[in-house]
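Participant: got a predicted structure here, sequence first:
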Amino acid sequence: MNKIISQEFARTSQGETVHQFILRNENGMQVEIINFGAIITSIFVPDKDGNFEDVVLGFKNPEDYFNSNQYTYGAVVGRYANRISNARFAIGSKEYHVTKNEGNNHIHGGKEGFANKIWRAEILEKPECDSLALYYHSVDGEEGFPGNLSVTVIYTLRDDNALEIEYFAEADQSTVINLTQHSYFNLSGKHSAEITDHELQIHADYYLPIDGNSIPRGKICSVKDTPFDFNIMKEIGRDINHDHEQLVFGNGYDHCWVLKESESQIAGNLYHRKSGRNMEIFTTEPGIQLYTGNFLDGKYESKTGGCNTFRTGLCLETQHFPDSPNQDHFPSTILNAGELYKSKTIFRFSARS
Ligand code: BGC
């Protein structure tokens, strides 16, 4: 029976108390989550010899989670994860202008987004395994988005070492939505080591090329014979410094792949040979953004000592495609009043020699 424990984490500068929730399963795997930004602050998983280490980046000083929103460390990102070009879009004949927080564009829900908000937390007690539910109510007009939106995120740690993340939302008028989890993984457990030695598989034949501002401009390109082909497991570092224009634009990988449809909903697999740690990703989402930590600048102290610099963590953000509100041929991100938004992603950990 996996019970969730809660404890005080820190206080914001406004004096609000943020709590931390500890999810532990029967194998000793442990996930720590705070009700600020629905942030995952730690994931402890064993390596091939049974040594537990933390495989997500985070800050040493709890207060840094409240002050450094440019990295969105471990947070649930919304109302719209990734970018909206020119920070505008239309629903029907009505045009909306959302916060410009990356040049002329919008990224990750705006200045604060959902990642910098206090969420209401509730432990859902179930006979075999508790879940943590986090709720956030985003008001009509917040960051420029239309409609009141009620969001629920449910984290469940299962005994097969899978962390399940379920997202639900409802709005009272038509809006756009794209939620994701923004953890930076480093399966080595050594947070100042580069992630280029990790091997990755992404089940995708196509990806979305970007322009110089990291916005996909509508093209859907084949990965064949490019550094973007991860159909067969390959080391991330193998092609990352290739002079391919797309890698220059992203300063490394910072792109969305179009996932192949499969019954199992497997999206990919991340493996770190030295530690033997493996992470499979399953999702109901049509895309996955691989971001190889190309803009991590070591400004904040890491919880394992040292600083998180260039490429010391990578994000695998399951989501709808960036800029969908402006690209009619991408799967729609519109949520109409009365509809239920539902999305699910699973990160399942294992270890092998
Ligand atoms: C984006 C990066 C950005 C990072 C931190 C990622 O999802 O694709 O370009 O630097 O988030 O906000």
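Facilitator: Good, I have the coordinates. Numbering: from 1, shown residues only.
Participant: now for the protein, the helix or strand with the poorest mean pLDDT.
Facilitator: Sorting the helices and strands of the chain by mean pLDDT, DSSP states H and E puts helix 64-67 at the bottom, at a mean of 93.
Participant: now do the buried residues in that helix.
Facilitator: 64-66 (16 or more other CB atoms under 10 Å). Backbone N, C-alpha and C define where each C-beta goes, glycine included.
Participant: which residues are contacting it?
Facilitator: 10, 12-13, 18, 34, 36-37, 39, 41, 58-59, 73, 116, 300-301 (CB atoms under 8 Å, 6 or more residues apart in numbering).
Participant: list buried residues within those residues.
Facilitator: 10, 12, 18, 34, 36-37, 39, 41, 58-59, 73, 116, 300.
Participant: any chance of CSV for those residues, columns pLDDT?
Facilitator: Below are the buried ones among the contacts of helix 64-67 laid out as CSV (pLDDT from 0 to 100):
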residue, pLDDT
Ala10, 98
Thr12, 96
Val18, 98
Ile34, 98
Phe36, 98
Gly37, 98
Ile39, 98
Thr41, 98
Gly58, 96
Phe59, 95
Tyr73, 95
Asn116, 96
Tyr300, 89
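Participant: closest one of the residues you listed to the ligand?
Facilitator: Proximity of the buried ones among the contacts of helix 64-67 to the ligand (CB to the nearest ligand atom) peaks at Tyr73, which lies at 8.9 Å.
Participant: check contacts around the closest one.
Facilitator: Contacts for Tyr73 (CB under 8 Å, 6+ apart) come out as 39, 57-59, 65, 182-184.
Participant: distance of it relative to Phe66?
Facilitator: Distance, Tyr73 to Phe66, using CB to CB, to the nearest Å: 11 Å.
Participant: and Tyr253, by the same measure?
Facilitator: As judged by CB to CB, Tyr253 and Phe66 stand 29 Å apart.
Participant: swap in Ala90?
Facilitator: For Ala90, the distance to Phe66 (CB to CB) stands at 34 Å.
Participant: and for the closest residue to Ile202 other than its chain neighbours, the neighbour number?
Facilitator: Nearest residue to Ile202 in three dimensions, chain neighbours excluded: Phe230, at 4.0 Å (CB to CB, 6 or more residues apart in numbering). Number of residues near Phe230 (other CB atoms under 10 Å) recorded here: 22.
Participant: mind listing what Tyr167 touches?
Facilitator: For Tyr167, the contact set (CB under 8 Å, 6+ apart) comprises 76, 151-153, 179, 341-344.
Participant: one more time with 6 Å
Facilitator: 153, 179, 343 (CB atoms under 6 Å, 6 or more residues apart in numbering).
Participant: please flag which of those sit within strands.
Facilitator: Counting by DSSP state E, the members of the contacts of Tyr167 that fall within strands are 153, 343.
Participant: let's have the contacts of Tyr167 in TSV, adding neighbour count and pLDDT.
Facilitator: Converted to TSV, those look like this (neighbours: other CB atoms under 10 Å; pLDDT from 0 to 100):
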residue	neighbour count	pLDDT
Val153	23	99
Leu179	27	98
Ser343	20	98
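Participant: give the residue farthest from the middle of the chain.
Facilitator: The centre of the chain is farthest from one residue, Ser93, which by CA atoms, centre = their mean lies 31.6 Å away.
Participant: picking up where we left off before, want to throw the contacts of Tyr73 into JSON lines with distance to Arg277?
Facilitator: Shown next, in JSON lines, are these (distance: CB to CB, whole Å):
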{"residue": "Ile39", "distance to Arg277": "21"}
{"residue": "Leu57", "distance to Arg277": "15"}
{"residue": "Gly58", "distance to Arg277": "17"}
{"residue": "Phe59", "distance to Arg277": "22"}
{"residue": "Tyr65", "distance to Arg277": "24"}
{"residue": "His182", "distance to Arg277": "20"}
{"residue": "Ser183", "distance to Arg277": "14"}
{"residue": "Tyr184", "distance to Arg277": "15"}
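Participant: show me which of these is closest to Asn161.
Facilitator: Proximity of these to Asn161 (CB to CB) peaks at Ser183, which lies at 15.4 Å.
Participant: helix, strand, or coil at that closest one?
Facilitator: When classified by DSSP: H, G, I helix; E, B strand; the rest coil, Ser183 comes out as coil.
Participant: how many other residues sit next to it?
Facilitator: By other CB under 10 Å, the burial measure for Ser183, its neighbour count, is 28.
Participant: I'd like the distance between it and Ile281.
Facilitator: From Ser183 over to Ile281 the distance is 11 Å, taken as CB to CB.
Participant: and what of Thr72?
Facilitator: The gap separating Thr72 from Ile281 is 18 Å, by CB to CB.
Participant: between the two, which is the more surrounded one?
Facilitator: Between Thr72 and Ile281, counted using other CB under 10 Å, Thr72 has the larger neighbour count: 26 against 22.
Participant: could you check how far that one is from Gly37?
Facilitator: Counting by CB to CB, the gap from Thr72 to Gly37 is 8 Å.
Participant: and if you look at Asp229?
Facilitator: Going from Asp229 to Gly37 by CB to CB gives 34 Å.
Participant: try Ser192
Facilitator: 24 Å.
Participant: same check, this time on Gln70
Facilitator: To Gly37, Gln70 is 13 Å away according to CB to CB.
Participant: likewise Leu187?
Facilitator: In this view, Leu187 and Gly37 are 23 Å apart by CB to CB.
Participant: distance-wise, check Arg348 relative to the ligand.
Facilitator: 22 Å (CB to the nearest ligand atom, to the nearest Å).
Participant: interface residues of the stretch 51-200 of the chain facing the ligand?
Facilitator: Residues of the stretch 51-200 of the chain lying near the ligand by CB under 6 Å from any ligand atom: 71-72, 108.
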